[in-house]
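[1] what follows is a predicted protein model with its sequence.
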Amino acid sequence: MFEHLVAPTGPYAEIRVVPSTGSTNADLVAAAPTTPDRTVLIAEAQSAGQGRRGRSWVSSGGGLYLSVLLRPDVPPARLPWITLLTGLALVRATARAGVTATLKWPNDLLIGDAKAAGVLAETTNDAVVVGIGLNTAPLPPGVQPGAGGLPPTSLAEAGARVTDRFAVAEVLLTELAALESEWRAAHGLPGALLAEYREHSATIGRDVRVELTGRELLGTAEDVLEDGTLVVRDREGASHTVSAGDVVHLRVR
Ligand SMILES: O=C(O)CCCC[C@@H]1SC[C@@H]2NC(=O)N[C@@H]21
């Protein structure tokens, strides 16, 4: 499998596949001090898969669970774009499998109104570990929607042409490398990627509810800006900038 995944001209220092681990993100965060830039770890199953906000990520096998350690030499304020451009890599890879997907800002890949993938980016010293969980096969019965309330779905349920997780991983990593290299070359500015992100956004133009510390913001998501923040206009007409740490829910009209 290892050989199957390594593109001869690919930019990755290493692509390692393990049968099982606790969490590929936790492994790369722990190994960060001695791990080179652009190292990939893929697990066939995880016993302690992590989602955002302390949630767990169902990783019993049948899905794609991978993390990439990156050392981009860009200003720290531009690092939130890693989450967004990873979302774009997921959109592109999903399209190559014959399925149209959109992005719930900042990090959820949606097929229709259900969630097929999530991204968890963690910063450690001078590295960023970006984890991707993508449901290629249906989840086991009984998996509840996450805290965001989105029901789960998978490439298989969406009728994708390609559902083999290693084949999908190969396309995904190729797209991620292309996007991430372009972004690095622009010193962390999104350039043309901003228009691509807006085009695939499931959030822009939708009514949203944002959980802020101690209060709630109800409004309409208007745009995603060059710094990766989301602009929300509230019912009184005031504009708010929401950062990637805030929780945004799409509201049904
Ligand atoms: O939507 C989310 O909450 C993010 C989910 C991220 C899950 C992936 S699976 C591979 C990597 N290892 C982890 O423990 N988490 C990420």
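    Received the coordinates, thanks. Computed from a prediction, not measured in an experiment: that's the story for all the values here.

[2] which stretches of the stretch 151-253 of the chain form helices?
    165-185, 192-199 (DSSP state H, counting those that start in this stretch).

[3] then stretch 118-136 to CSV, C-alphas only?
    Taking C-alpha atoms only, stretch 118-136 is exported to CSV below (Å, rounded to 0.1, in the frame of the first residue of the first chain):
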residue,chain,number,x,y,z
GLY,A,118,-13.9,17.1,8.5
VAL,A,119,-10.5,18.8,9.0
LEU,A,120,-8.7,19.2,12.2
ALA,A,121,-5.6,21.5,12.1
GLU,A,122,-3.3,21.7,15.2
THR,A,123,-0.3,24.0,15.6
THR,A,124,2.7,22.7,17.4
ASN,A,125,5.9,24.8,17.8
ASP,A,126,6.9,25.5,14.1
ALA,A,127,4.7,22.9,12.5
VAL,A,128,1.0,22.4,11.7
VAL,A,129,-0.6,19.0,11.7
VAL,A,130,-3.6,18.9,9.5
GLY,A,131,-5.8,15.9,9.9
ILE,A,132,-8.5,14.7,7.5
GLY,A,133,-11.3,12.2,8.1
LEU,A,134,-13.2,11.3,5.0
ASN,A,135,-16.1,8.8,5.0
THR,A,136,-15.5,6.8,1.9
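
[4] flag every buried residue along it.
    118-122, 127-136 (16 or more other C-beta atoms under 10 Å). Quick note: C-beta positions are derived from backbone N, CA and C, even for glycine.

[5] who's in contact with the residue positioned nearest the centre of the chain?
    When C-alpha atoms, centre = their mean is applied to the chain, the residue found nearest the centroid is V119 (2.8 Å). By C-beta atoms under 8 Å, 6 or more residues apart in numbering, the contact set of V119 is 83, 86-87, 90, 106-108, 130-132.

[6] contact partners of the helix or strand harbouring D27?
    For D27, the element it lies in under DSSP states H and E is helix 24-31. The contact list for helix 24-31 (C-beta under 8 Å, 6+ apart) reads 21, 35, 39, 41-43, 46, 48, 50, 65-69, 120, 122, 124, 129, 131.
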